[in-house]
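1. after the sequence you'll find the predicted model.
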Amino acid sequence: MTDYLVGQVQKHLPHIPVEVVSQGAEALVFKTSVHPYLPNSISPYLDNHDEYIIKFRPPKPYRHPKIDASITKNRTVGEVKFMSKLARIGIRAPSLISADFNNGIIWMECLGQTLPNGEVSSFKNWLWYLERNEIPDKCVSDEVRVVCIKVGALIGRLHLNNMVHGDLTSSNILLENFEPALIDFGLSSYSGLAEDKAVDLYVMERAILSTHSVFSDKYNAWLLEGYEQIHETEFGKQGKKKHLETIRKLEDVRLRGRKRSMLG
Amino acid sequence: MSLIPTAVYSAADLEQPHEFHPGDGDHTTDGQTTQISEVVIKAGGEDRDKPSEARDTPLGHLRAQLTTLQDQINVFLTERMKSEKSAITGKEEDDIERRILDDGVDEDEED
Amino acid sequence: MTVDLDKYVKPGRDYYIALGLEGSANKLGVGIIRQPVGQLSQTNRAEVLSNVRDTYVTPPGEGFLPRDTARHHRNWVVRIIKRALSEAKVTGADLDCICFTQGPGMGAPLQSVVVAARTLAQLWELPLVGVNHCVGHIEMGREITGADNPVVLYVSGGNTQVIAYSKQRYRIFGETLDIAIGNCLDRFARTLKIPNEPAPGYNIEQMAKKGKHLVNLPYTVKGMDLSMSGILAHVDGLAKDMFGKQGKKLVDEETGELITAEDLCFSLQEILYSMLVEITERALAHVNSNQVLIVGGVGSNERLQEMMKLMIQDRKNGQIYATDERFCIDNGIMIAHAGLLSYRTGQTNDLWNTVCTQRFRTDEVFVKWRDD
């Protein structure tokens, strides 16, 4: 990442020490030791009192300024609202601390740990770590299976609340002691339509296929297993019906993908 | 040397195979069934893709005769497809090409 | 370990020559390539001996129908092949193989060109190599630009994909959920009756340069995928309101000035290309890469290249690679190049196995010539 981007966030947040964690596609993620309005000793609802995450959506010079301003603001507002709703209904995601909509800044709880190779414990990094460093058996161990099922269940609960993530990839799921949490809600939306949920699942299925190709069949099957289970355990007969509806749509969406002709 | 192309079409529902012969007539490379679409000409397009004329050589004659043969086969098969299709759907479909282009409908797709 | 690419070299020769035929859409292309033995690299490069193309162009407001496009290819293919051979100064006897586009694309044009490929192969007793059109673009782009392992944005009339290599396949990370970018632009060009000569997208680009007011259009990115049919419907609707019977007048909110056709082209480009750049950046972040290669006909758009450059500048060690219109617009040389790589690993098609297919996904191809 270029230094001027770090300079930009420091312009909006003078005197706040920041350390770069990663450069995502649309946002820079920083760590800081400072809470914006409370002394560190009193933030009782957070487990981690020592570190916080600052997410910054820098202006994108490639976009027309009008498009840029509207995307930055809409996504920041959307993400903040989505996070606060997730907190209300108890779906695991970072807690919100503060936000600056026009400048695209969100201050939030710091989740996740560090893997033995020094990377953040995202679902993606963990699976890659297993693939690169362990014997292949580890990649499809019971441990992985259980985590996949939990991730599927988490997505299921999201959908049962008529919430759609919009960018489900293995990078956007953080693991904390093997408990998954969702992050990155810039493309999120609210919808009860089976179609929208199916597209959400399809995006994830494809992300798993391209990112974790070797074992993608197993991973996807387990994810859907967890997704199905949660529908039944939490919503009984009605959940079962909803699940069936979404899965039928998912088959449609997949077919559309495969059958889409590629003329020209 | 004279080269005369022929073709045979057989299918389960035909009592006997259908044979095609170019016949004696005037053969040209400018086939009836391989003309440019009318829409293109109507929209002001010009046809710069006409096949070149057949040369007066055995291979040239073969080329022209093949075009005649192809015309016969095209007419025969189009007729057959039409009657098959109307037997199934009861209506004719003439917009298929445009839909292939715009809506990503496949040529081999049944609908 | 690297792949042995020289098991099939002709005795006494230290190079290969292949002829490639492309006709999956409205361009008919024939190219002849020469590859030296050994791994290709910046110091051991393939050489383009000839790269000839002829485009089927339709009048304004009309798209190219499969039947007429196939007819164009049939009636030009012999002349184009002859021209390619004479420019390259080679004959059938010099060739190692005949490569052809096996898909994806429009059925009728593909089939008309494969007939030519089969004929040549039997005439000169050469093996046939079927090539995936998208893989052709990727391999040619890598060879021309020297991009070694980039994230590829493939944008053309029929395709919109974000691709990255992993474990001997080009994997699709993101793609359109409905229509392709080029199709979207072509159809809008037809609505405005913009000429198809030299290409509808090119003419939209020229008009867009004169536009200055941004019209509000939906922005529809879904993860690394995107959707464009809603945007097309929206901008088509605006154009029909403005230039149809109603003659409705639209004004810019800020300046009060009239919205023009140029403004619509400008807005459409701005929104579509922003989306393309965004999904490309998403893929970069996801696979931890910093190289982008743009291929496909729409890849020659200057505004798209400029936007991609601005994006990549903000990424650490970011690099962008693009080719000019000789290589990014459909051509025969890319088919020859990718096909020859395939041939050098022993992958050829028996005659019975040369049927073309309209659907042929990029990730179906086993990339035997790479093992990084």
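-> Perfect, I can see it now.
2. going forward, measure contacts and count neighbours with C-alpha atoms only.
-> Fine.
3. residue C:101 looks like it's in a strand, true?
-> Yes - per DSSP: H, G, I helix; E, B strand; the rest coil, residue C:101 lies within a strand segment.
4. would you agree it is in contact with residue C:335?
-> Yes - contact criterion C-alpha atoms under 8 Å: residue C:101 and residue C:335 qualify, at 6.5 Å.
5. which parts of the chain are helices?
-> In the absence of a named chain, chain A is used. Secondary structure of chain A (DSSP state H): helices at A:3-12, A:65-89, A:123-133, A:136-139, A:142-160, A:194-211, A:216-259.
6. that answer is for a different chain, and I need it for chain C
-> Going by DSSP H, chain C shows helices at C:66-88, C:107-124, C:133-145, C:181-191, C:200-210, C:229-243, C:261-287, C:302-313, C:325-328, C:332-344.
7. the shortest one and chain A in contact?
-> No - remark: helix C:325-328 sits outside contact range of chain A, by C-alpha under 8 Å from any C-alpha of the partner chain, the gap being at least 12.9 Å.
8. buried sites along that helix?
-> Neighbour-count burial for helix C:325-328, counted by 16 or more other C-alpha atoms under 10 Å in any protein chain shown, picks out C:325, C:327, C:328.
9. report the beta-bridge partners for residue A:22.
-> Note on residue A:22: beta-bridge partners by DSSP bridges are residue A:29.
10. any idea how far the closest residue to residue C:4 other than its chain neighbours lies from residue A:226?
-> Nearest in space to residue C:4, with sequence neighbours left out and distances taken as C-alpha to C-alpha, 6 or more residues apart in numbering or on different chains, is residue C:345 at 7.3 Å. Using C-alpha to C-alpha, to the nearest Å, residue C:345 is found at 43 Å from residue A:226.
11. about what we covered before: let me know the closest of the buried residues of helix C:325-328 to chain A.
-> Nearest to chain A among the buried residues of helix C:325-328: residue C:328, at 12.9 Å, using C-alpha to the nearest C-alpha.
12. let me see the contact set for the closest one.
-> Contact analysis of residue C:328 by C-alpha atoms under 8 Å, 6 or more residues apart in numbering or on different chains lists C:137, C:141, C:295, C:296, C:297, C:298, C:299, C:300.
13. so residue C:345 and residue A:226 - more neighbours on which side?
-> A count of neighbours by other C-alpha atoms under 10 Å in any protein chain shown puts residue A:226 above the other of residue C:345 and residue A:226, at 22 against 18.
14. how close does the closest residue to residue C:364 other than its chain neighbours sit to residue C:354?
-> Leaving aside its sequence neighbours, residue C:364 sits nearest to residue C:169 (C-alpha to C-alpha, 6+ apart; 7.6 Å). Using C-alpha to C-alpha, residue C:169 is found at 21 Å from residue C:354.
15. try residue A:140
-> 38 Å.
16. what sits closest to residue A:62 if chain neighbours are left out?
-> Residue A:62 sits nearest to residue C:307 (C-alpha to C-alpha, 6+ apart), 4.6 Å away.
17. the one you found contacts residue C:278, doesn't it?
-> No - using C-alpha under 8 Å, residue C:307 is not in contact with residue C:278; the gap is 10.0 Å.
18. between these two, which one's more packed in?
-> Taking neighbours as other C-alpha under 10 Å, residue C:307 and residue C:278 compare with residue C:278 leading, 24 against 20.
19. now do the contacts for the more buried one.
-> Going by C-alpha under 8 Å, 6+ apart, residue C:278 touches A:25, A:26.
20. okay, it: pLDDT?
-> Looking at residue C:278, its pLDDT is 96.
21. one step back: which one of residue C:101 and residue C:335 is surrounded by more residues?
-> residue C:335 (37 against 31).
22. tell me if I'm right that residue C:133 and residue C:101 touch.
-> Yes - between residue C:133 and residue C:101 there is a contact under C-alpha under 8 Å: 5.8 Å.
23. overlap of the contact sets of these two?
-> C:24, C:335.
24. which residues of the chain score low on pLDDT?
-> Picked chain A for this. Along chain A, segments meeting pLDDT under 70 span A:1-2, A:40-44, A:134-135, A:257-264.
25. can you look at chain B instead?
-> Residues of chain B meeting the criterion pLDDT under 70: B:1-2, B:89-111.
26. any idea where the strands of it begin and end?
-> Using DSSP state E, the strands of chain B run over B:7-9, B:18-20.
27. can you redo these as TSV with mean neighbour count?
-> Shown next, in TSV, are the strands of chain B (neighbours: other C-alpha atoms under 10 Å in any protein chain shown):
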stretch	mean neighbour count
strand B:7-9	12
strand B:18-20	14
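28. dump these to a markdown table, plus distance to chain A.
-> Converted to a markdown table, the strands of chain B look like this (distance: least, C-alpha to the nearest C-alpha, whole Å):
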| stretch | distance to chain A |
| --- | --- |
| strand B:7-9 | 31 |
| strand B:18-20 | 34 |
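29. of all these, which lies closest to residue B:35?
-> Residue B:35 lies closest to strand B:18-20 among the strands of chain B, at 20.7 Å (C-alpha to C-alpha).
30. work out the gap between that closest one and the centre of the chain.
-> 15 Å (C-alpha atoms, centre = their mean, to the nearest Å).
31. residues near residue 146, how many?
-> All of this refers to chain A. 16.
32. try chain C instead
-> With other C-alpha under 10 Å as criterion, residue C:146 counts 16.
33. surely it touches residue C:43?
-> No - assessed by C-alpha under 8 Å, residue C:146 is found out of contact with residue C:43, at 10.4 Å.
34. thought residue C:230 was touching residue C:221?
-> No - using C-alpha under 8 Å, residue C:230 is not in contact with residue C:221, being 11.6 Å away.
35. higher neighbour count, these two?
-> Ranked by neighbour count (other C-alpha under 10 Å), residue C:230 and residue C:221 place residue C:221 first, with 21 against 15.
36. ok, so what distance separates that one from residue A:189?
-> 12 Å.
37. what do you get for residue C:283?
-> Taking C-alpha to C-alpha, one finds residue C:283 at 21 Å from residue A:189.
38. and those two? Which one has more around it.
-> Using other C-alpha under 10 Å, the more surrounded residue of residue C:283 and residue A:189 is residue C:283, with 28 against 15.
39. ok, that one - contacts?
-> So residue C:283 contacts A:25, C:151, C:162, C:173, C:174, C:224 (C-alpha under 8 Å, 6+ apart).
40. how about JSON lines for those, with neighbour count added?
-> Below are those laid out as JSON lines (neighbours: other C-alpha under 10 Å):
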{"residue": "A:25", "neighbour count": "19"}
{"residue": "C:151", "neighbour count": "28"}
{"residue": "C:162", "neighbour count": "29"}
{"residue": "C:173", "neighbour count": "29"}
{"residue": "C:174", "neighbour count": "26"}
{"residue": "C:224", "neighbour count": "29"}
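41. residue A:34 and residue A:109, how far apart?
-> 11 Å.
42. quick revisit: which neighbours do residue C:101 and residue C:335 have in common?
-> Shared contacts of residue C:101 and residue C:335 (C-alpha under 8 Å, 6+ apart): C:21, C:22, C:131, C:133.
43. who in the stretch 51-200 of chain C is up against chain A?
-> Residues of the stretch 51-200 of chain C lying near chain A (C-alpha under 8 Å from any C-alpha): C:104-106, C:156-159, C:171-173, C:177-178, C:180.
44. let's see it at 10 Å
-> C:64, C:66, C:103-107, C:156-160, C:163-167, C:169-180, C:182-183 (C-alpha under 10 Å from any C-alpha of the partner chain).
45. neighbours of the closest residue to residue B:37 other than its chain neighbours, just the number please.
-> Leaving aside its chain neighbours, residue B:37 sits nearest to residue C:68 (6.5 Å; criterion: C-alpha to C-alpha, 6+ apart). When neighbours are defined as other C-alpha under 10 Å, residue C:68 has 22 of them.
46. I'd say residue C:68 and residue B:36 touch.
-> Yes - using C-alpha atoms under 10 Å, residue C:68 makes contact with residue B:36 at a distance of 5.7 Å.
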